[in-house]
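Engineer: I would like the atomic coordinates for the input below:
(one chain, ligands or ions: 2)
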Amino acid sequence: MTVQPMFVVAKSLENDRAEIAAALAAHIPSSERTLLVELVADAFVDAYASGCRDGSHEDLVRWIDRMCDAHVDSPAIVNFFGNACSLLDGYLAPRGYAGVYRAPLRALERPIRKVLAKPRQSSRPVDERLGEVDASINAMLVRLDAADPLTAEHSRAVAAWCSRLARRLMLSEEEITFVSRCGMIHDVGKVTTPTEILHAPRKLTDAEWVAMRSHTTAGERIVLDDPNLAIFARPVRHHHERLDGKGYPDGLFAESLELHTRIVTVADCFNAMIGRRPYRPPMSPTRALEQLDANIGTQFDKDIVAAMHEVVSKG
Ligand SMILES: [Fe+2]
Ligand SMILES: [Fe+2]
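Structural biologist: Numbers count the residues shown, from 1 in each chain. Ligands and ions are numbered 1, 2, ... in the order given. Down below sits the predicted model:
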């Protein structure tokens, strides 16, 4: 097989990731289809697409192994991975993808079955598992605090804004917790950013901007390395994207940015504006809301900005 067809598959999976992930997750009975299952489905499509680009799915298999370890108490996750390849195959086949495009899926079934059959640690209470997610997030915050206390303080504040926004937007308790954790961890990649760039009391040079922006991709790598945090990979990578495609690192457009990420973006920018920065004094909340309003539709989601107005005025 040439590399070319797999690039075609990767591109179309990336374009329609959300729709495909939802179609795959829909096969899990609704009583078991938690937010975690939906996030894992999303991450699976992403990871499979990048394997297509790399010409190898070994990383995907290793990732599934780590996810099964981290979520040993969620049978729906094992159930999902057990059928993911055939479901994706079933999705692609009627859409004109010939056998050559789908062959890697069949080749993947065996190694995935092997990984799923591995004996895992005995069942632990859900509270304990969630505790591990928080412990991992705390460990990241400790690293961030050591590298840059201002960013750690900002992260805690963004988590609080995320939680208030999610509540105003009437999300479920599970999603409120998830979005709040996204806020807490969104800037973790800044542990890799040189302090003199983070604290520069002036405009950054082009080269420094490149380094600053790379906290998104560095953060994604950090969270993907920890199975407890892998589900936060997309909001961490994409919290500086814009609805009009002019953000970074991927220039994604509105339709590719999920609600969780859009919430983090609004909370992040609002908190950055009202917070102290080395190069400018804090802005008043009223002025910061005006800035959000001025960028509705290009940078920010209209409903989330409306929620931020309510959060600021009513708490
Ligand atoms: Fe950031
Ligand atoms: Fe931030």
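Engineer: Let me know the pLDDT of the residue of the stretch 51-200 of the chain found nearest ligand 2.
Structural biologist: Using Cβ to the ion, the closest approach of the stretch 51-200 of the chain to ligand 2 is made by Asp187 at 4.3 Å. (Glycine included, C-beta is placed from N, CA and C.) On pLDDT, Asp187 comes in at 98.
Engineer: Quick check on it: phi, psi?
Structural biologist: Per-residue torsions, Asp187: phi -100, psi 20 (degrees, to the nearest 10).
Engineer: Report the contact partners of it.
Structural biologist: Going by Cβ atoms under 8 Å, 6 or more residues apart in numbering, Asp187 touches 144, 151, 154-155, 158, 215, 219, 239, 268.
Engineer: State the distance from it to Arg202.
Structural biologist: Separation of Asp187 from Arg202 (Cβ to Cβ, to the nearest Å): 21 Å.
Engineer: Excluding its own residues, what touches the longest helix along the chain? List them.
Structural biologist: Looking across the chain with DSSP state H, the single longest helix is helix 126-147. Identification of contacts with helix 126-147 by Cβ under 8 Å, 6+ apart yields 70-71, 73, 151-152, 155-156, 181, 184-185, 187-188, 190-191, 195, 222-223, 226, 228-229.
Engineer: Which among those residues count as buried?
Structural biologist: Among the contacts of helix 126-147, those buried by neighbour count (16 or more other Cβ atoms under 10 Å) are 70-71, 151-152, 155, 181, 184-185, 187-188, 190-191, 222-223, 226, 228-229.
Engineer: got the buried residues for stretch 139-150?
Structural biologist: Going by neighbour count (16+ other Cβ under 10 Å), the buried part of stretch 139-150 is 140-141, 144-145, 147-148, 150.
Engineer: from the middle of its chain, how far away would it be?
Structural biologist: Counting by Cα atoms, centre = their mean, to the nearest Å, stretch 139-150 is centred 20 Å from the centre of its parent chain.
Engineer: Same question for the residue nearest the centre of the chain, what's its three-state structure.
Structural biologist: Nearest residue to the geometric centre of the chain (Cα atoms, centre = their mean): Arg234, 2.1 Å. Counting by DSSP: H, G, I helix; E, B strand; the rest coil, the backbone at Arg234 sits in helix.
Engineer: In space, what's closest to it - neighbours in sequence excluded?
Structural biologist: Counting by Cβ to Cβ, 6 or more residues apart in numbering, Thr261 is the residue found nearest to Arg234 once chain neighbours are left out, at 6.3 Å.
Engineer: need the buried residues of stretch 139-150 in JSON lines with distance to ligand 2 and pLDDT, can you?
Structural biologist: Formatted as JSON lines, those follow (distance: Cβ to the ion, whole Å; pLDDT from 0 to 100):
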{"residue": "Met140", "distance to ligand 2": "14", "pLDDT": "92"}
{"residue": "Leu141", "distance to ligand 2": "13", "pLDDT": "91"}
{"residue": "Leu144", "distance to ligand 2": "11", "pLDDT": "92"}
{"residue": "Asp145", "distance to ligand 2": "15", "pLDDT": "89"}
{"residue": "Ala147", "distance to ligand 2": "14", "pLDDT": "89"}
{"residue": "Asp148", "distance to ligand 2": "11", "pLDDT": "90"}
{"residue": "Leu150", "distance to ligand 2": "11", "pLDDT": "90"}
